[in-house]
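[1] Just the structure for this:
(one chain, ligands or ions: 1)
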Amino acid sequence: MNFIVTGASRGIGFETVLQLVELGTNKIIALSRSKSGLSKLVEEGNQLNANSRIYPLCFDLKNSDDSQLLQLINTEFNGTVDGLVNNAGTLINKPFAELSREDWQEVYDVNVFGVTSLIKSIKSFMGKENKGHIVNIGSMGGFQGTEKFSGLSAYSSSKGALACLSECLAKEFEDDNIHVNCLALGAVQTEMLTQAFPDYTAPLSAKEMGTFIADFIVNGHKVMNGKVLPVAFKN
Ligand SMILES: NC(=O)c1ccc[n+]([C@@H]2O[C@H](COP(=O)([O-])OP(=O)(O)OC[C@H]3O[C@@H](n4cnc5c(N)ncnc54)[C@H](OP(=O)(O)O)[C@@H]3O)[C@@H](O)[C@H]2O)c1
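    Numbers count the residues shown, from 1 in each chain. Purely as a prediction, here's the structure:
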């Protein structure tokens, strides 16, 4: 199967790609800005399973140039994408009063507008006779009714927008045979978590969460569409 995973240079995205590599004969386009992170990913992936293949591509979600990505989909995926994991995300931890308009723009550019642009770019390669699956990686902070954390208003509200976007697109893409779901993650031990909560140790590793997400992108759409699922021990 053919997958695209964003935010693949480290953390949860990195481990999701490695799990997809392990699962079978998959091809994965791995996107992020860091060339070194992607090189490490390819190196580890090659050692895990030579039957799968990772195609690394340096890609900034704030930049709308998708020409190299579309070329890769055409040449290496024969124009078919089975699954897209919108995992990349960014977080700014500041009290509301200190957040500038640029801060809000930065967070929404990556967490919301980057996702909408990417989906728009690749939608025509998904669905029809092969059922497609888009998984948006949200957060418990953006899940309705959960206790919120101070300093994360830009981040958490962007993840709330992503959750609602997932429900909207699930409806809009129904006739195209593309299912869209959102996973609202709880705490996972990564660089982002350390940035938000320096003194906290998460109950889950990036590898454990990556294993769940890899299975979900392959199988979740067979039984659900338009769902925002809490994936956490606690709310
Ligand atoms: N860790 C948690 O506890 C937790 C909880 C809830 C939700 N989440 C969500 O899970 C996802 C993965 O988080 P993580 O904890 O693995 O974070 P992380 O370790 O900070 O990794 C973030 C990834 O996003 C990529 N990224 C950031 N800005 C980008 C941009 N402008 N263009 C392209 N890629 C960009 C980074 O790659 P480059 O820097 O190389 O571009 C990196 O690969 C995020 O959406 C996050 O919000 C995490």
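[2] rest of the way, CA atoms for contacts and neighbours
    Noted.
[3] which parts of the helix or strand of the chain with the lowest mean pLDDT are buried?
    Every helix and strand in the chain was compared by mean pLDDT, DSSP states H and E; the lowest is helix 191-196, with a mean of 93. For helix 191-196, burial by neighbour count (16 or more other CA atoms under 10 Å) applies to 192, 193, 196.
[4] Which residues does stretch 95-107 contact?
    By CA atoms under 8 Å, 6 or more residues apart in numbering, the surrounding residues in contact with stretch 95-107 are 90, 91, 92, 150, 151, 152, 153, 154, 155, 158.
[5] Can you lay out the buried residues of helix 191-196 as JSON lines showing distance to the ligand?
    Shown next, in JSON lines, are the buried residues of helix 191-196 (distance: CA to the nearest ligand atom, whole Å):
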{"residue": "192", "distance to the ligand": "4"}
{"residue": "193", "distance to the ligand": "5"}
{"residue": "196", "distance to the ligand": "9"}
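[6] what's the closest of those to residue 27?
    If you rank the buried residues of helix 191-196 by distance to residue 27 using CA to CA, residue 192 comes first, at 26.9 Å.
[7] ok, now which ones touch the closest one?
    By CA under 8 Å, 6+ apart, residue 192 lies in contact with 90, 91.
[8] And residue 166, by the same measure?
    Residue 166 neighbours (CA under 8 Å, 6+ apart): 136, 180, 181, 182, 226, 227, 228.
[9] how far away is the fifth one from the ligand?
    Look at residue 226 and the ligand: by CA to the nearest ligand atom, to the nearest Å, they are 18 Å apart.
[10] what's the burial count for that residue?
    Using other CA atoms under 10 Å, residue 226 is surrounded by 21 other residues.
[11] Phi first, then psi, for it.
    Taking degrees, to the nearest 10, you get phi 70, psi 20 for the backbone angles of residue 226.
[12] With the first one instead?
    As for residue 136, its main-chain torsions (degrees, to the nearest 10) stand at phi -100, psi 130.
[13] ditto for the last one
    Residue 228 has phi and psi values of phi -110, psi 110 when expressed as degrees, to the nearest 10.
[14] That one contacts residue 180, doesn't it?
    No: in this structure, residue 228 is not within contact of residue 180 by CA atoms under 8 Å, at 9.4 Å.
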